[in-house]
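**Student:** dropping the sequence and predicted coords here.
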Amino acid sequence: MTGYQHVPGATYQRAVLFDLDGVLVDSFAVMRQAFQIAYNEVVGPGQAPFEEYNKHLGRYFPDIMTIMGLPLAMQEPFVRESYRLAGEVQVFDGAPELVADLRANRFGTAVVTGKAGPRARSLLSTLGMAELFDHIIGSDEVANPKPAPDMLLLATELLGVSADRVVMVGDAVTDLASARAADYPALAALWSDVDEAELLAAAPTAAVRKPSEVLNWCLEHL
């Protein structure tokens, strides 16, 4: 487990862990385009089943391919195109300000994402957000990616924060499941294009409709 970003010398009493896609950045248009290209290169002509892929977001790409019965060979062109199109990814309004406010209030911050670690760090660097996080951990850097709790537990260990002072912010059922497995509270982020009913049915600790509500919840509950 090497390569995740670390801010030396930081000590915290509380921490917030973030999923990446759909919480910090709006990457769905880019993912759709990369997925379509990968599908056409590997599977052949036709419309790629992106809506089904979208239901499994939060998981590691190879795991999603296995669940969907698609060739693992799609990973190489998907990753290639994701890097090529990274500059087109949009940052959600209020997301950088939220993380900056959390840090100003002495919260540790980490990203725990279904993406591979190098790609997540590259994307956040491209978008000028990497330095806002103490750690950026990808699915390839733990034994068991989400919905297992491994990434969350690793982030908590690296941050040196007590497990009862950590919250997960995610926009997918997979994120909520990983938080539940770690016995952490989970905030359902509803500001992206999510299936709100499905997400609320997964029983998050609370739902937040804009990034600033995360800070308010954390100051009150952590």
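**Tutor:** All right, it came through fine.
**Student:** do a quick rundown of the helices in this protein.
**Tutor:** 28-42, 50-54, 61-68, 75-84, 95-104, 117-126, 150-159, 173-182, 196-201, 212-221 (DSSP state H).
**Student:** is it possible to get CSV of these that adds mean neighbour count?
**Tutor:** Just so you know, the C-beta spots here come from the backbone N, C-alpha and C atoms, and that holds for glycine as well. Compiled in CSV, those are given as follows (neighbours: other C-beta atoms under 10 Å):
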stretch, mean neighbour count
helix 28-42, 19
helix 50-54, 15
helix 61-68, 17
helix 75-84, 17
helix 95-104, 18
helix 117-126, 20
helix 150-159, 22
helix 173-182, 23
helix 196-201, 12
helix 212-221, 16
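**Student:** Ile137: which of those is closest?
**Tutor:** helix 150-159 (5.2 Å; C-beta to C-beta).
**Student:** what mean pLDDT does that closest one have?
**Tutor:** Looking at helix 150-159 alone, the average pLDDT works out to 96.
**Student:** next one: stretch 74-94
**Tutor:** Mean per-residue pLDDT for stretch 74-94: 97.
**Student:** what is the end-to-end distance of that stretch?
**Tutor:** End-to-end distance for stretch 74-94: 33 Å, by C-alpha to C-alpha, to the nearest Å.
**Student:** tell me the contacts of the spatially most central residue of the chain?
**Tutor:** With distances taken as C-alpha atoms, centre = their mean, the residue of the chain nearest its centroid is Asp19 (2.3 Å). Residues near Asp19 by C-beta atoms under 8 Å, 6 or more residues apart in numbering: Gly58, Val111, Val112, Thr113, Gly114, Met168, Val169, Gly170, Asp171, Ala172, Asp175, Ala189.
**Student:** which non-adjacent residue is nearest Ala182?
**Tutor:** Pro149 (3.6 Å; C-beta to C-beta, 6 or more residues apart in numbering).
**Student:** and if you look at Gly58?
**Tutor:** Leaving out its chain neighbours, the residue that sits closest to Gly58 by C-beta to C-beta, 6+ apart is Thr174, at 3.2 Å.
**Student:** I'd guessed Val30 sits against Gly87; true?
**Tutor:** No. With contact defined as C-beta atoms under 8 Å, Val30 does not count as touching Gly87 (9.2 Å).
**Student:** which among the helices of the chain is found nearest to His135?
**Tutor:** helix 150-159 (5.2 Å).
**Student:** name the residues that touch the closest one?
**Tutor:** For helix 150-159, using C-beta under 8 Å, 6+ apart, the contacting residues are 1, 4, 6, 12, 15, 17, 108, 110, 112-113, 134-135, 137, 139, 141-145, 163, 166, 168, 178-179, 182, 184.
**Student:** repeat that with 6 Å
**Tutor:** Helix 150-159 is contacted from outside by 12, 15, 17, 108, 110, 112, 135, 137, 142-144, 163, 166, 178, 182, using C-beta atoms under 6 Å, 6 or more residues apart in numbering.
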